[in-house]
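Q: Sequence first, predicted coordinates after that:
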Amino acid sequence: MTTYDDDIQAVRALKEQYGSSWDAINPEYVARMRAQNRFKTGLEIAQYTADIMRRDMAEYDEDSSVYTQSLGVWHGFIGQQKLISIKKHLKTTNKRYLYLSGWMVAALRSEFGPLPDQSMHEKTSVPALIEELYTFLRQADTRELDLLFTQLDDARRAGDETAVEFIQSQIDNHETHVVPIIADIDAGFGNPEATYLLAKKMIEAGACAIQIENQVSDEKQCGHQDGKVTVPHEDFIAKLNAVRYAFLELGIDNGIIVARTDSLGAGLTQKLAVSSEPGDLGDQYNAFLDVDEISESELSNGDVVIRREGKLLRPKRLASNLYQFRAGSGEDRVVLDCITSLRNGADLLWIETEKPHVEQIAGMVDRIREEIPNAKLVYNNSPSFNWTLNFRQQAYDLLVEQGADVSGYDRANLMSVDYDGSELAQLADEKIRTFQRDGSARAGIFHHLITLPTYHTAALSTDDLAKGYFGDDGMLAYVKGVQRREIREGIATVKHQNMAGSDIGDNHKEYFAGDAALKAGGKDNTMNQFG
């Protein structure tokens, strides 16, 4: 017996219990509606997806070739279409997640309009997007199952028992579009209490994995821009604890915390760490400060000083009242950040880098793994990197190292289209193609994501359509560039009425009203033109 069959039998028993007043209720229709509504709450989704991520993390520990991936999305429909495409082309959603980017929430989902990635958008927009994404993913399940139910009814009417058995098997083994979301909580939107409250909302909406960064909340910057300011470890640990308490309060005991460090590109701190004794965590943080050794007689009014090993040290303080770290200390700070986070409740790491370079990442991970052997990364395959230029320069440097003749290349101008067909460009493209595989094998990257790819794809496809439609191509720009491709490539949105739920609604009308149902999907529905 399957869940589907069990539900049919259970409703039949209910019908018998309630007698003739339930004569209109069809037990199989109820079973279908239950199958189409597998997840009743966001917490059910959070638990289901947390279990998936924990399983995937364990499998990666055994075999680094089974890494996971996601694309950042900014609307429920975009996330839905991504998962529909994955199932269509790859036949399974296994090891594929969604990423919710704080950058895209700020740029695209704020009531203030487009904003920079500085935590100025409404914090409630983050859980609202999580809920929206799962609403659309659940609707994708409903639609896919509805199509299977229609096929099942057609096969039954045709008396094709082989088809009936095959379609029933697809229903019984249906793979949901609901997958884990790694959700960006930025720097926590305030103090630890604010972080805890927002984390609860995110988890209640369905988030099983929350990513939090070690920047100061009120000075937060995009990870690929200047002016980043980090906080002492104790401040960050308090927020890690706040997120963990939120998971535990809501019963998601295996929820995942992704601790992100921006220290590689952050040269500033808002405050000095509290230190009780030499070598403690606060002392280690302060040891990275850019300082001047001074005597007591050189103290000025308002100076802040640190005593270390009998010396008076004055941290360099900017006009902004921020303190400066020593140049070149970024990697050491990253390593300390990561080890500290894993020792204080984090499950995964995120190291924000300035370029995609496997050996740079691996150099830091190797040091972290000396202390935490199973340390794993979530890595941002960021559109903020010029991937073509970065990897052509890496290829150039590799050829130089191998003693090859590179006199035909200008390293500073490798982005030029003139090099597109060159041996160097082909080598660079191959390194880009295998970057995720190589990074997972060499640098401990469990999860690869692109933070805001669909921001760029939406802009690019709209540019293509606008250029042709408002130009000489007119309607042909849409027909040739969009609709014809949708039809021939089997894109679900070509039947946009079906995608929006029209056929589901028709079936519900039949469930509720029988032969009296007024349906939209009759012979005069123009969607019939698409077969």
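A: In hand now; what should we look at? The model shown is predicted, which means the values in this text are computed figures rather than measured ones.
Q: Please, which helix or strand holds the residue lying closest to V482 once chain neighbours are set aside?
A: Closest residue in space to V482, ignoring its immediate chain neighbours: L465 at 6.7 Å, by CB to CB, 6 or more residues apart in numbering. C-beta coordinates here come from the backbone N, C-alpha and C atoms, glycine included. Assigned by DSSP states H and E, L465 belongs to helix 453-469.
Q: Show me the contact partners of that helix.
A: Applying CB atoms under 8 Å, 6 or more residues apart in numbering, the contact partners of helix 453-469 are 71-74, 78, 82, 104, 107-108, 383, 474-478, 481-482.
Q: Helix or strand next in line after that helix, which one?
A: Past helix 453-469, the next helix or strand by DSSP H and E is helix 475-478.
Q: residues making contact with that next one?
A: 464-465, 467-469, 471.
Q: 10 Å instead, please
A: Contact partners of helix 475-478, identified using CB atoms under 10 Å, 6 or more residues apart in numbering, comprise 464-471, 483-484.
Q: between these, which is nearest H447?
A: D464 (30.9 Å; CB to CB).
Q: if we can go back for a sec, select only the buried ones of the contacts of helix 453-469 in PyMOL?
A: A single PyMOL command is used to select the members of the contacts of helix 453-469 judged buried by 16 or more other CB atoms under 10 Å:
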select buried, resi 71+72+73+74+78+82+104+107+108+383+477+481+482
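Q: Just the buried positions in stretch 204-211, please.
A: 204-211.
Q: Oops, could you answer that again for stretch 266-273 instead?
A: For stretch 266-273, by 16+ other CB under 10 Å, it's 266-270, 272-273.
Q: May I ask which two of those residues are separated the most?
A: G267 and A273 (16.2 Å).
Q: How much space separates S329 from G505?
A: For S329, the distance to G505 equals 61 Å [CB to CB, to the nearest Å].
Q: again but with T451, I slipped
A: The value you get for T451 to G505, if CB to CB is used, is 36 Å.
Q: who has more neighbours, those two?
A: Remark: of T451 and G505, T451 carries more neighbours, 24 against 16, as counted by other CB atoms under 10 Å.
Q: From what I see, that one and L98 are in contact.
A: No: with contact defined as CB atoms under 10 Å, T451 does not count as touching L98 (11.9 Å).
Q: Find residues that contact each of the two.
A: With CB under 10 Å, 6+ apart, T451 and L98 have common neighbours 70-72.
Q: In strands only, show me those.
A: 70-72 (DSSP state E).
Q: Sort out which one of those residues lies nearest K88 for me.
A: Checking those against K88 with CB to CB, the nearest one is L71 at 15.2 Å.
Q: Pretty sure H447 is one of the things that closest one touches, is it not?
A: No: the pair L71 / H447 is not scored as a contact, 11.8 Å apart, by CB under 10 Å.
Q: neighbours around R32, how many?
A: Counted by other CB under 10 Å, the residues lying close to R32 total 24.
Q: Identify the residue spatially nearest to it, adjacent ones excluded.
A: Per CB to CB, 6+ apart, closest to R32 is F149, 5.4 Å.
Q: same deal with L342?
A: L342 sits nearest to I372 (CB to CB, 6+ apart), 4.7 Å away.
Q: Is it correct that the one you found is in contact with L348?
A: No: between I372 and L348 there is no contact under CB under 10 Å: 11.3 Å.
Q: Show me where the stretch 1-150 of the chain has its helices.
A: 3-18, 27-35, 42-62, 76-90, 102-108, 125-158 (DSSP state H, counting those that start in this stretch).
Q: Quick check: what element follows the helix or strand that K200 is a member of along the chain?
A: Using DSSP H and E, K200 sits in helix 192-205. Downstream of helix 192-205, the next assigned helix or strand under DSSP H and E is strand 209-213.
Q: tell me the mean pLDDT over that following strand?
A: The pLDDT scores in strand 209-213 average 97.
Q: Sketch out the low-pLDDT regions of the stretch 101-250 of the chain for me.
A: 117, 217-227 (pLDDT under 70).
Q: same thing but at 50, please
A: Across the stretch 101-250 of the chain, the ranges flagged by pLDDT under 50 are 222-225.
Q: out of the contacts of helix 475-478, who's nearest Q394?
A: D464 (30.6 Å).
Q: Okay, the closest one and R484: tell me how far apart.
A: Taking CB to CB, one finds D464 at 14 Å from R484.
Q: roughly how far apart are G330 and I351?
A: Taking CB to CB, one finds G330 at 10 Å from I351.
Q: The two - which one has more neighbours?
A: Taking neighbours as other CB under 10 Å, G330 and I351 compare with I351 leading, 27 against 21.
Q: Against T261, how distant is the more buried one?
A: As judged by CB to CB, I351 and T261 stand 6 Å apart.
Q: Now do the shared contacts for the two.
A: Counting by CB under 10 Å, 6+ apart, the residues touching both I351 and T261 are 334-335, 337-338, 364.
Q: Take those residues and write them to a markdown table, including secondary structure, neighbour count and distance to V243.
A: Below are the shared contacts of I351 and T261 laid out as a markdown table (DSSP: H, G, I helix; E, B strand; the rest coil; neighbours: other CB atoms under 10 Å; distance: CB to CB, whole Å):
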| residue | secondary structure | neighbour count | distance to V243 |
| --- | --- | --- | --- |
| V334 | helix | 25 | 21 |
| V335 | helix | 21 | 22 |
| D337 | helix | 25 | 16 |
| C338 | helix | 27 | 17 |
| M364 | helix | 24 | 23 |
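Q: Closest one to K376 out of the residues you listed, please.
A: Among the shared contacts of I351 and T261, and counting by CB to CB, the member closest to K376 is C338, at 10.5 Å.
Q: Distance check, the closest one against L322.
A: C338 is 23 Å from L322, by CB to CB.
Q: Which parts of the stretch 201-350 of the chain are helices?
A: Using DSSP H, counting those that start in this stretch, helices in the stretch 201-350 of the chain cover 233-249, 281-286, 330-342.
Q: Just name the most buried of the ones you listed.
A: Ranked by mean neighbour count under mean count of other CB atoms under 10 Å, the helices of the stretch 201-350 of the chain are led by helix 330-342, which reaches a mean of 22.
Q: Using PDB, write out every CA atom in that helix.
A: Extracted in PDB, the C-alpha atoms of helix 330-342 (Å, rounded to 0.1, in the frame of the first residue of the first chain):
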ATOM      1  CA  GLY A 330      43.300  39.200   6.400                       C
ATOM      2  CA  GLU A 331      44.000  35.500   5.900                       C
ATOM      3  CA  ASP A 332      45.200  35.000   9.500                       C
ATOM      4  CA  ARG A 333      42.000  36.700  10.700                       C
ATOM      5  CA  VAL A 334      39.900  34.500   8.400                       C
ATOM      6  CA  VAL A 335      41.400  31.300   9.800                       C
ATOM      7  CA  LEU A 336      40.900  32.400  13.400                       C
ATOM      8  CA  ASP A 337      37.300  33.500  12.600                       C
ATOM      9  CA  CYS A 338      36.500  30.100  11.000                       C
ATOM     10  CA  ILE A 339      38.000  28.000  13.700                       C
ATOM     11  CA  THR A 340      36.200  30.100  16.400                       C
ATOM     12  CA  SER A 341      32.900  29.900  14.600                       C
ATOM     13  CA  LEU A 342      33.000  26.100  14.200                       C
END
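Q: can you give me the mean pLDDT across it?
A: 97.
Q: how big is the angle separating it from helix 233-249?
A: Relative orientation of helix 330-342 versus helix 233-249 (axes from the mean of the first three to the mean of the last three CA atoms, to 10 degrees): 30 degrees.
Q: what's the closest non-adjacent residue to G408?
A: S422 is the one closest to G408 (CB to CB, 6+ apart), at 7.8 Å.
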